[in-house]
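Colleague: Need coordinates for the below:
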Amino acid sequence: MTSISALTFYATMPHTCSYLAGQNAATLLVDPQTAINTPLYSTLIDYGFRRSGERVYRPRCEHCQACIPVRVPVATFQPNRIQKRVWRRNHDLDVQRVAPLHSDEHFALYQRYLAQRHAGGGMDNPDPDSYLAFLASPHIDTGFYEFRLHGQLLAVAVVDHLQQGLSAVYTFFDPQQAHRSLGVYAVLWQIEHAKQLGLTWLYLGYWIKASPKMNYKEHYRPLEMYQGGQWLRVNTPDNPAP
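Modeller: Got it, this is the predicted structure:
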């Protein structure tokens, strides 16, 4: 397996931040010519990297450290009252893993989700190729998990299976089913699934406290964050450090 020290990295030029208004961002990229497989990505994610399609990256902003990699230790996760209600509310859903391939049914749901939840966010009017290029990576063990009610597709959670845990890549769902809180349920289901598989972590990507789109991750506790080259417990009044 390729070691971290043998990899080549590139830094992008500053560009407009997708999450914080008025901010510029920069990104550290693993050389696109590197074949990123599951073992290598399992190592990179523990150094704060994430993937978008085949691109593996980490924020590297000169004057901002707002993007914090976070993960949930699934064995000690404690759902709050709202999460318990969401779990019970969705007990009637069937979940099945399918291959990360194009599906007209999935793509139609993805389009409806973006039109309702992320209109004007730069992801409008996707085509099937860009959809799969965003979600899948050919050398990583990725599953598309379908959430169905009596055969009707309500949500799809894209999940990477790593050596030490699961990584929540993206979830899209029927915007007409807002009462089910399917985004919350998908995270809860992945935590439980990781536990059943005997894995240690669910990686949730970047927690950005000042971003309404990204600060929801602090509600899954206990939560660990990667800062200063190590993983630390997020210390809040109701999630104290040990």
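Colleague: mind listing the helices for this structure?
Modeller: With DSSP state H as the criterion, the chain has helices at 38-44, 81-89, 104-117, 128-135, 182-196.
Colleague: Identify each buried residue in the shortest one, please.
Modeller: What that stands for is helix 38-44. Of all the residues in helix 38-44, those buried under the rule 16 or more other CB atoms under 10 Å are Thr38, Leu40, Tyr41, Ser42, Thr43, Leu44. All C-beta atoms are positioned from the backbone trio N, CA, C, and that covers glycine.
Colleague: mind listing the strands for this structure?
Modeller: Per DSSP state E, the chain carries strands over the ranges 9-11, 15-16, 24-25, 27-30, 50-52, 55-59, 68-73, 94-98, 142-149, 152-161, 165-173, 201-207, 224-227, 230-233.
Colleague: from the chain's centre, how far out does the fifth one sit?
Modeller: Between the mean C-alpha location of strand 50-52 and the chain-wide mean there is a distance of 9 Å, by CA atoms, centre = their mean, to the nearest Å.
Colleague: cool, and the longest one?
Modeller: Strand 152-161 sits 12 Å away from the centroid of its parent chain (CA atoms, centre = their mean).
Colleague: list the contacts for Asp92?
Modeller: Asp92 sits next to Leu149 when contact means CB atoms under 8 Å, 6 or more residues apart in numbering.
Colleague: how close does it get to Thr27?
Modeller: Noted for Asp92: a distance of 41 Å to Thr27, by CB to CB, to the nearest Å.
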